[in-house]
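Trainee: prediction below, plus the sequence it came from.
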Amino acid sequence: MDVFILLLEGIFVSFEPLNLGLLVFGCLIGLFVGAMPGLGSVNGVAILIPITFIIPPTAAIIFLAAVYYGAMYGGAISSVMLGIPGASTAVATVFDGRPLAVKGEAMTALTAAAVGSFVGGTVSVILFTLFAPPLAEVALRFNAPETFALMVMAFATFVGLGGDDVPKTIFSILIGLALSTIGLDLITGKPRLIFFNIPGFLHGINFLVLAIGIYGIGEMLWTLEETKGKVQMSKLSVNMKEVGRAFGALKKTIMAMNIGSFLGFFVGILPAAGATPASLMSYGITKQLSKNSKEFGSGVPAGVVAPECANNSASTGSMLPMLTLGIPGSPTTAILLGGMILWGLTPGPLLFTQEPEFVWGLIGSLYIANFFTLVLNIALIPAFLMVLRIPFAILAPVIFVLCVTGGYAPTQSLHDVWLMLLFGFAGYILRKLDYPVAPAVLSIVLGPLAEKALRQSLILSDGSMGIFFDMAEKPIAAIIMYIAIVLLIMPAFGPLYRKFFKKAQTT
Amino acid sequence: MSITNKITVKRAEIAVAVILALCSIALMIKSAENRITWNAEENMGAGFLPFYLSLGMLICTVLTIIKFVLKRSPQSKDDSPFIEADAFKYIAVTIISLVILVLAIGYLGIYFSLIFFLAFYLRYFSSKSVLFISVFSLITPVLTFLFFEWLLKIPLPQGISEPLFYPVYDFMYS
């Protein structure tokens, strides 16, 4: 009952004129950034964070969450119409969305994507509302050792479940952490890693500089290389008959909706996962379980619904650990978490007691944003198709302008703009060589928090690392630490498992 | 053989791994300017974490190099160009123009630098008319000014062009 009242209050908060205006604006921007190839929720949120400095934190989080949400819907538009995913979260949508468009059923694909996103979003927001308060209550009992163990688990998840090259993934985590140590030492106040005595390093490296560099500059370079501005748009006829037919086709997608919604939510909670693997897994499982699995890939609505349900559900799921534990569930929530610190908030369970308007305003806004995005998405399809015709040669410099101004604004230092460029170029090259970049962004956000928790824990234990493995004194920290160790060593068993499996098959 | 064909994925992989290994060593040396030990009495030295994080980075790059030598990574067997020849122009011109943009911001200020950057970029890559490019290149910095200086009250760097903005500030704050 309490939850219901708090949720109602949150919904009222999101209906306040400023919040509602920003919510609708955020949904529109999200749909736009999601639809544009090369831009996704993470790019949109990273580039837009600097403009939230003048608004209250609640309005800021509602705006950025709406951008995040809208981008999940928007990604499907270019997947279907151009055959290029608007964002990595919509990669799986291409598999059946594009063939549907080629067959002349683009409206069916777009409607399936929008309705799937709405269902996934709604189910996940309900799960979020139910799970968040009890999880926050448990997390309130966490002290420094538990917090540090959780962060180690977040990093370990990238290694165990990320699926990327292990040394490269660990390198990415470590470089993010090393960059976060630049500046003044938390305890001794001594300057660390001040290269060439440049004073700009004394204030450390703002996570936004890395995030905008990698997801703004780096991603634009990547997209310029991939598309070279050459895209082929499918034809689309929009009339009531087409829309009616599209809704009719959704009757056969109930299973895909269920799989996408629930799987997406739980995959989204995992720090390394996020919406991209959730959508791919949802597509794969729906295909496996479907009676018509052979038709997948040739253009079936269930093949669009499954990933779209999952990516929206995962985006909401990834906010659960961000709000309750202070651990982001996706690269976008890592940036949102950094934003909270910039707005003067302390991410974690205390938010529920100290900033209820912020937390419940955000949760309430997710319900509203879900509805608005569905309506805006379907109503504005023709407008988004016009936007998709904007040549990349025009869009790219505008994004660069936003990156440069966004990199300068937080600290008003040109030094940060140079660093942002450097990270952008480096991120582009590293990404081309399959170095995952998301762990670096997560690490630079969590780095200072992890260091503080580590050093507080070591002061508590008189310098003994045993505090993290003591089942009698700190059982939660120990269990989390052991899970982290399992995750870290998991990739080592992959080749062994494959070898054994192959041998078993041949015998 | 063009430069883009010479720089293969294979070569880029090993070159980047070696550069990252050297950077890791440089970070370790830099970290060692502070105390890198840790014990119960003195707790953790300011250089301890950066030093061991850099050491970890070095180990990861060495593992990447070993995987390359043993041909265990996909990149170690990939002789395709690191950047396709037709995409190289986009990437090179973009990087150079961005570097010049940031250099110019320090001298000319952001608004005039943006005008030149946008005009050049659009002229080079798009087939839009001179009129469109001119209007677009002028409107974008004006909107940037209004957004940051008027709405957010965040001054952006103006370099030598600063005196030109005094009348605008007088108007805005009078």
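Mentor: Structure's in. What do you need? This is a predicted model, so every value here is computed, not measured.
Trainee: which residues touch the closest residue to residue B:155 other than its chain neighbours?
Mentor: Counting by CB to CB, 6 or more residues apart in numbering or on different chains, residue B:149 is the residue found nearest to residue B:155 once chain neighbours are left out, at 6.1 Å. From N, CA and C alone the C-beta is placed, and that goes for glycine too. Contacts here follow CB atoms under 8 Å, 6 or more residues apart in numbering or on different chains; on that basis residue B:149 touches B:155-156, B:172.
Trainee: in the stretch 401-507 of chain A, what residue comes closest to chain B?
Mentor: Closest to chain B within the stretch 401-507 of chain A is residue A:463: 3.4 Å, counting by CB to the nearest CB.
Trainee: could you do the stretch 1-150 of chain A as well?
Mentor: residue A:54 (5.3 Å).
Trainee: does that residue sit in a helix, a strand or a coil?
Mentor: Put simply, residue A:54 is coil when judged by DSSP: H, G, I helix; E, B strand; the rest coil.
Trainee: how far away is the closest residue to it other than its chain neighbours from residue A:335?
Mentor: Taking CB to CB, 6+ apart as the measure, residue A:54 lies nearest to residue B:152, with 5.3 Å between them; neighbours along the chain are not counted. Taking CB to CB, to the nearest Å as the criterion, residue B:152 is separated from residue A:335 by 19 Å.
Trainee: so which residues of chain B form strands?
Mentor: Assignment of strands within chain B using DSSP state E yields the ranges B:38-39, B:43-44.
Trainee: and the helix or strand of chain B with the lowest mean pLDDT, anywhere near chain A?
Mentor: Each helix and strand of chain B was given a mean pLDDT (mean pLDDT, DSSP states H and E); the minimum falls on helix B:3-6 at a mean of 75. No - against chain A, helix B:3-6 shows no contacts by CB under 8 Å from any CB of the partner chain, the least distance being 11.4 Å.
Trainee: now do that helix: everything it contacts.
Mentor: When contacts are taken as CB under 8 Å, 6+ apart, the neighbours of helix B:3-6 outside the stretch itself are B:81-85, B:88.
Trainee: just the ones of these in helices?
Mentor: Applying DSSP state H to those, the entries found in helices are B:85, B:88.
Trainee: what subset of the contacts of helix B:3-6 is buried?
Mentor: Burial by neighbour count, 16 or more other CB atoms under 10 Å in any protein chain shown: within the contacts of helix B:3-6 this picks out B:81-83, B:88.
Trainee: adding pLDDT, write these out as JSON lines.
Mentor: Output for the buried ones among the contacts of helix B:3-6, formatted as JSON lines (pLDDT from 0 to 100):
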{"residue": "B:81", "pLDDT": "91"}
{"residue": "B:82", "pLDDT": "92"}
{"residue": "B:83", "pLDDT": "90"}
{"residue": "B:88", "pLDDT": "89"}
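Trainee: near chain A, which of those residues show up?
Mentor: Contacts with chain A are made by B:82-83 out of the buried ones among the contacts of helix B:3-6, judged by CB under 8 Å from any CB.
Trainee: quick check: the farthest pair among the buried ones among the contacts of helix B:3-6?
Mentor: Taking every pair in those and measuring CB to CB, the maximum separation is 9.4 Å, between B:82 and B:88.
Trainee: against chain A, how distant is the residue lying closest to residue B:2 once chain neighbours are set aside?
Mentor: Nearest residue to residue B:2 in three dimensions, chain neighbours excluded: residue B:85, at 6.0 Å (CB to CB, 6+ apart). Applying CB to the nearest CB, to the nearest Å, one obtains 11 Å for the distance of residue B:85 from chain A.
Trainee: I'd say residue B:85 and residue B:7 touch.
Mentor: No - no contact is recorded between residue B:85 and residue B:7 when judged using CB atoms under 8 Å, the distance being 10.7 Å.
Trainee: still on that earlier bit, who has more neighbours out of residue B:152 and residue A:335?
Mentor: Neighbours were counted for residue B:152 and for residue A:335 using other CB atoms under 10 Å in any protein chain shown; residue A:335 has more, 30 against 17.
Trainee: contacts only, for residue 60.
Mentor: As the question left the chain open, I've gone with chain A. Taking CB under 8 Å, 6+ apart as the definition, contacts of residue A:60 comprise A:52, A:339, A:343.
Trainee: nope, chain B please
Mentor: The neighbourhood of residue B:60, defined by CB under 8 Å, 6+ apart, consists of A:167-168, A:170-171, A:174.
Trainee: can you list those in TSV and add neighbour count and pLDDT?
Mentor: TSV is the format used below for these (neighbours: other CB atoms under 10 Å in any protein chain shown; pLDDT from 0 to 100):
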residue	neighbour count	pLDDT
A:167	22	94
A:168	24	95
A:170	22	94
A:171	27	96
A:174	25	96
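Trainee: need these in a markdown table with distance to chain B and secondary structure, can you?
Mentor: What follows is the contacts of residue B:60, written out as a markdown table (distance: CB to the nearest CB, whole Å; DSSP: H, G, I helix; E, B strand; the rest coil):
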| residue | distance to chain B | secondary structure |
| --- | --- | --- |
| A:167 | 4 | helix |
| A:168 | 6 | helix |
| A:170 | 5 | helix |
| A:171 | 4 | helix |
| A:174 | 5 | helix |
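Trainee: between the residues you listed, which sits nearest residue A:227?
Mentor: Using CB to CB as the measure, the one of those that approaches residue A:227 most closely is residue A:168, at 25.4 Å.
Trainee: ignoring the adjacent residues along the chain, who's closest to the closest one?
Mentor: Closest residue to residue A:168 apart from its sequence neighbours, by CB to CB, 6+ apart: residue A:435 at 4.6 Å.
Trainee: repeat that for residue A:341.
Mentor: Beyond its immediate neighbours in the sequence, the residue positioned closest to residue A:341 (CB to CB, 6+ apart) is residue A:347, lying 6.9 Å away.
Trainee: repeat for residue A:378
Mentor: With sequence-adjacent residues excluded and distances taken as CB to CB, 6+ apart, residue A:378 is closest to residue A:114, at 5.4 Å.
Trainee: secondary structure element holding that neighbour?
Mentor: When secondary structure is defined using DSSP states H and E, the element that contains residue A:114 is helix A:106-139.
Trainee: pull out the buried residues from that helix.
Mentor: For helix A:106-139, a neighbour-count test (16+ other CB under 10 Å) marks A:106-129, A:132-133, A:135-136, A:139 as buried.
Trainee: ok, residue A:200 to residue B:154 distance?
Mentor: Using CB to CB, we find residue A:200 at a distance of 18 Å from residue B:154.
Trainee: so is stretch A:437-454 next to chain B?
Mentor: Yes - between stretch A:437-454 and chain B, judged by CB under 8 Å from any CB, the touching residues are residue A:451.
Trainee: in that stretch, what's buried?
Mentor: Under the neighbour-count criterion of 16+ other CB under 10 Å, stretch A:437-454 has A:437-451, A:453-454 buried.
Trainee: coming back round to it: from the buried ones among the contacts of helix B:3-6, which is closest to residue A:215?
Mentor: After measuring these against residue A:215 - CB to CB - the closest member comes out as residue B:83, at 20.1 Å.
Trainee: in contact with the closest residue to residue A:301 other than its chain neighbours, which residues?
Mentor: With CB to CB, 6+ apart as the criterion, residue A:301 has its nearest non-adjacent residue at 4.2 Å, and that residue is residue A:112. Residue A:112 makes contacts with A:97, A:246, A:249-250, A:253, A:301, A:304-305, A:308, as judged by CB under 8 Å, 6+ apart.
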